[in-house]
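Undergrad: Model the following, please.
(one chain, ligands or ions: 1)
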Amino acid sequence: MNNLFQKALAASTPFVLYRKPNNSQIVGWFQKNKMLHTTTKLTKSCFVFAPFHENEKIVFYPEDCDITHEFIDFSVEFSQDIPAQTNSFEREKHLLLVNKGIQAIHDGLMEKVVLSRKETVTIEQDKYPIYFQRLIKKYPTAFVYWFYHPNVGMWMGATPEQLVKINNNVVQTVSLAGTINQPNADLKNIIWGEKEQNEQQVVTDFIMNALKPLSNDLQATKPYSYQAGSLVHIKTDIAAVLKNTQDAYKAIEALHPTPALCGFPKQEAQKFIIENEGYNREFYGGYLGEWKFNNLDYSTKSDLFVNLRCMKLDKNQAYLFLGGGINKDSIPENEYEETVNKSKTIKSVL
Ligand SMILES: C=C(O[C@H]1C=CC=C(C(=O)O)[C@@H]1O)C(=O)O
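TA: As a prediction, the model looks like this:
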C-alpha cells in the first residue's frame, strides 16, 4: 500500500489526498495542527475546499502543509456491484421536489434549477482507504479526492467536472450537463434529446456571459459527448484570456456555482434550492483543488474542480449527494432515475 494511505489513516490532523485526471501520482497535504482556516476570498496559495453557498466560509489548507507526491503503486479488489435499490419514500420525496421545480419553471420563476437529494448508505469504516483506491482505479479521468478536517468531516469523491484551470492570464473551464446512462458508449453516435441540449446550452451561455467582462478573447468548442464512468454528459470546452491576471479570482466568483449545479438565473435558482431541497448541501456543489497565487507578480496557476459524485463519510455511514438539472421538459420519474444512475459512481466502489 502507498505510504500516503498509512499516513492518512494515522492522521488525526487535517489532510487531503488527491489524484488529478489522467495522472499517475497521488498528492497529499497534511496540516501540522488542527486549526480550521477559513476565508471569504482566496488570496494566498492553498488547497481550497469551498462550499456550495457563496455566503458560507471557504475552508483552506495553507501552503506550509507537509505536501507529498507519491506514484500510484497498489492494486485493489472490487466487490460485486450491488444493484441500486429504489427507496420508495426517497423516490416520492424527490418526485415532489422535481414537480415543484418544474412548476416554478412553468410559472416563469426561472429557466433551470439543479435539484438534489442526500442518500444514506451503510459502509465499513475500516475500508475508507479501499474506497479511495477503488475510485482512483475506476475513474482515471476524474479528479479523485479524500478530504478530512475534524471540524468539517470526511469527504470523498470522483468528479468529472473542472471548475477552472488557470495559467496566468488563461482561464479554461467546461460546460458539463445533460446525462444518459450508457457504459462504454459509442460517443460519436449519440443523439441527444432537446431537454439535455437545452440544459447544457444554459450552462455554456452563463459561462460565456460571466467571463465576457473579464476577457477580450473568449472561445468555446462545439458541444460533444463525454464519458464519465457509466454516464455520458454533453461537454463544451471554454477558454478565456483575461484582460488582467489579477482578475483570476473574479472569474471564479463569476462562475461559481454554474447552472450545472445551481440553475439559471442564479439567484432565483439558489433561493429555490435553499427553500425546497430540505437539507444543506454543505460542500456538495462547491469546489476544491489547488489555488496558486503569487501577489508579487500576480501570477496564478490553479486547478479547481466542482465537488460532485461525492460522499460525506461518518463512521459506518456514507451520505451520497445526487443531483440533476431540471428544465421545462423534465419528466420527474426520469430525473429520479438519473439520480439513481449517478449514485452508482460511488456505490460501485463501496
Ligand atoms: C449535479 C450533478 O451533475 C451535474 C453535472 C453533469 C450533469 C448534470 C445533469 O445532467 O443534470 C448536472 O448538471 C450531480 O452529479 O450531482
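Undergrad: all contacts plus neighbour counts: C-alpha atoms, from now on.
TA: Will do.
Undergrad: wait, what's in contact with residue 261?
TA: Each residue near residue 261 by CA atoms under 8 Å, 6 or more residues apart in numbering is listed here: 114, 285, 323, 324, 325.
Undergrad: Correction: the previous question concerned residue 293.
TA: Under the criterion of CA under 8 Å, 6+ apart, the contact list for residue 293 reads 43, 44, 45, 299, 300, 301, 302.
Undergrad: buried subset of the residues you listed?
TA: When neighbours are counted using 16 or more other CA atoms under 10 Å, these contain these buried positions: 45, 299, 300, 301, 302.
Undergrad: would CSV of the residues you listed with distance to residue 2, pLDDT and secondary structure be doable?
TA: Rendered in CSV, the data for the buried ones among the contacts of residue 293 read as follows (distance: CA to CA, whole Å; pLDDT from 0 to 100; DSSP: H, G, I helix; E, B strand; the rest coil):
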residue, distance to residue 2, pLDDT, secondary structure
45, 27, 94, coil
299, 33, 79, strand
300, 31, 82, strand
301, 28, 90, strand
302, 26, 95, strand
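Undergrad: Now for those residues: which two are most distant?
TA: Put simply, by CA to CA the two of these set farthest apart are 45 and 299, 10.7 Å from each other.
Undergrad: Phi, psi for the residue positioned nearest the centre of the chain please.
TA: Within the chain, the residue whose C-alpha comes closest to the C-alpha centroid is residue 307; the distance, by CA atoms, centre = their mean, is 2.3 Å. Note on residue 307: backbone dihedrals following degrees, to the nearest 10 are phi -80, psi 90.
Undergrad: Correct me if wrong: it contacts residue 284.
TA: Yes: with the criterion set as CA atoms under 8 Å, residue 307 and residue 284 qualify as a contacting pair; they are 5.4 Å apart.
Undergrad: pLDDT below threshold where in this protein?
TA: By pLDDT under 70, the weakly predicted segments of the chain are 1, 81-86.
Undergrad: So which residues on it come close to the ligand?
TA: 176-179, 233, 260-261, 308-309, 322-325, 342 (CA under 6 Å from any ligand atom).
Undergrad: part of a strand, is residue 334?
TA: No: assigned with DSSP: H, G, I helix; E, B strand; the rest coil, residue 334 falls outside any strand and is helix.
Undergrad: What is the burial count for it?
TA: Here the number of neighbours of residue 334 (other CA atoms under 10 Å) works out to 11.
Undergrad: helices or strands up against whatever helix or strand residue 100 lives in?
TA: Using DSSP states H and E, the secondary-structure element containing residue 100 is helix 88-106. In terms of contact count using 3 or more CA pairs under 8 Å, 6 or more residues apart in numbering; DSSP states H and E, helix 88-106 is assigned the packing partners strand 112-122, strand 317-326, helix 332-347.
Undergrad: and with 7 Å instead?
TA: Contacts of helix 88-106 with other secondary structure elements, assessed using 3 or more CA pairs under 7 Å, 6 or more residues apart in numbering; DSSP states H and E, are made with strand 112-122, helix 332-347.
Undergrad: List the buried residues for the longest one?
TA: When you say that, I think you mean helix 332-347. Burial within helix 332-347, assessed by neighbour count using 16+ other CA under 10 Å, is assigned to 332, 335-336, 338-347.
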